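# give me the fold of what follows.
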Amino acid sequence: MNISKIDYEIAIVGGGICGLATALALHRSREMSVDGKTIHVIPNGKEEHRCLKRSDLIEALAHGLPPQTIRFGFRIVSVEIDQLTSFPVLNLHNGGVIRAKVVLGCDGVSSIVAKSFGLKPPRISPIIERRGLTTYPKGHGFSNEFIRITEKCLLVGIVPIDDKLVFWFIDRPRLPRDSRVSREPEVLKEAMVEEMKDFPAEITEMVKNSDLDSLSYTQIRYRAPWDLLLARFRIATMTVAGDAMHVMGPFLGQGGSAGLEDAIVLARCLAKEICLDQSSNDRNLRIRFEFGLDNYIKERKTRILMLSTTTYLVGLMLGTSSTAKMLLILAIVRIFFGNPFSHAQYDCGHL
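The predicted structure is shown next:
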């Protein structure tokens, strides 16, 4: 297949949750190109906590798309604006190009699209996270609740996926020795079990019996609330969504959910412009698309500022051993954000 030049109305960079969800929302209107990336998420339900395996969610989203809509294996190395048409051009690793009237960067924390129009790179959090899955062949006995246990700046979270599979994570402040600790699953497991010696035996056993292939060590990255407040999220007919726009700490469990919200709002705002008369010249099309993207950004900015501020404060609370500081942060969250679960009760509307 010759891919030296491919033209699309809308190109979505990133084949994770947000990219596939956006493609699913738009595919009836236009053909799109999707480039694969990896994002780890734990979505929350509106009235209850729900944990999904990322692979299951990705499979469900991809299943709803026509096969010709998805094109994996296109690695984007840079993005530029065509000086003649003012539309974006994606440069590929093999020297080819993709030209599109609209580019949606859903390409995660290391987004090439975000970098192309000057978004500051995400910051490195002082918090590290280890996570994994544990299978209980005879059933785990946990209720369908999100369990959080804190002990000496160590936060353990447990969320059942089904009656035999449990997702868990362990967060704590980063220590100097972490740079020397092996990321080999067996070594990682031994280190976590040692850290959790003061926790209930069933919690320690959960980590001890975890599936080695599921273990991961994550250096959390995030965009600070003030970076989001001052950021420019559009240039020409390009914008970003999902982690590329608002990567945040996992402390609220809303990263994946926020990406799905982005997809719905972005598709809704663009669809209004796509459905208008397509006989317009390129200049009028560009103005309409820019208008749709601006409406998307305007609608999402308040929501992502609230989420990023709350998760930033929760991260600060986790990283301190001062009771006074914890109480102060908790008071700020209560005063400014009210119900501690209100973030999971947000309604972004319908397509």
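# could you use CA atoms for every contact and neighbour count after this?
Noted.
# the stretch 1-150 of the chain: helices as residue ranges?
Ranges of helices in the stretch 1-150 of the chain, per DSSP state H, counting those that start in this stretch, are 17-26, 54-63, 112-116.
# out of those helices, which is closest to Glu273?
helix 17-26 (12.1 Å; CA to CA).
# was I right about Leu307 contacting His343?
Yes: if you go by CA atoms under 8 Å, Leu307 and His343 touch, sitting 6.9 Å apart.
# got any residues that touch both of the two?
Residues touching both Leu307 and His343 by CA atoms under 8 Å, 6 or more residues apart in numbering: none at all.
# what lies in contact with stretch 131-143?
160, 163-170, 206-207, 209-212, 214-217.
# report the longest helix in the chain, please.
Counting by DSSP state H, the longest helix found in the chain is helix 282-318.
# other SSEs contacting that one?
helix 225-230, helix 255-274, helix 323-337 (3 or more CA pairs under 8 Å, 6 or more residues apart in numbering; DSSP states H and E).
# can you lay out those as CSV showing distance to Thr135 and mean neighbour count?
Shown next, in CSV, are those (distance: least, CA to CA, whole Å; neighbours: other CA atoms under 10 Å):
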stretch, distance to Thr135, mean neighbour count
helix 225-230, 37, 15
helix 255-274, 23, 22
helix 323-337, 34, 13
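# mind putting the ones you listed in TSV, mean pLDDT and distance to Ile58 included?
Below are those laid out as TSV (pLDDT from 0 to 100; distance: least, CA to CA, whole Å):
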stretch	mean pLDDT	distance to Ile58
helix 225-230	92	27
helix 255-274	90	11
helix 323-337	78	31
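# among those helices, which is nearest Lys101?
Lys101 sits nearest to helix 255-274 of all those, at 11.2 Å, using CA to CA.
# and that closest one with helix 282-318, angle?
Calculated by axes from the mean of the first three to the mean of the last three CA atoms, to 10 degrees, helix 255-274 forms an angle of 160 degrees with helix 282-318.
# put the alpha carbons of helix 255-274 into PDB.
The C-alpha trace of helix 255-274 is given here as PDB (Å, rounded to 0.1, in the frame of the first residue of the first chain):
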ATOM      1  CA  GLY A 255      -8.800   9.900  33.700                       C
ATOM      2  CA  GLY A 256     -10.500   7.400  31.400                       C
ATOM      3  CA  SER A 257     -14.000   8.800  32.200                       C
ATOM      4  CA  ALA A 258     -12.800  12.400  31.300                       C
ATOM      5  CA  GLY A 259     -11.500  11.100  28.000                       C
ATOM      6  CA  LEU A 260     -14.800   9.500  27.200                       C
ATOM      7  CA  GLU A 261     -16.500  12.800  28.100                       C
ATOM      8  CA  ASP A 262     -14.100  14.600  25.800                       C
ATOM      9  CA  ALA A 263     -15.000  12.300  22.900                       C
ATOM     10  CA  ILE A 264     -18.800  13.000  23.300                       C
ATOM     11  CA  VAL A 265     -18.400  16.800  23.600                       C
ATOM     12  CA  LEU A 266     -15.900  16.900  20.700                       C
ATOM     13  CA  ALA A 267     -18.000  14.800  18.400                       C
ATOM     14  CA  ARG A 268     -21.100  16.900  19.300                       C
ATOM     15  CA  CYS A 269     -19.400  20.200  18.600                       C
ATOM     16  CA  LEU A 270     -17.800  19.000  15.300                       C
ATOM     17  CA  ALA A 271     -20.900  17.300  14.100                       C
ATOM     18  CA  LYS A 272     -22.800  20.600  14.100                       C
ATOM     19  CA  GLU A 273     -20.200  22.000  11.700                       C
ATOM     20  CA  ILE A 274     -19.900  18.800   9.600                       C
END
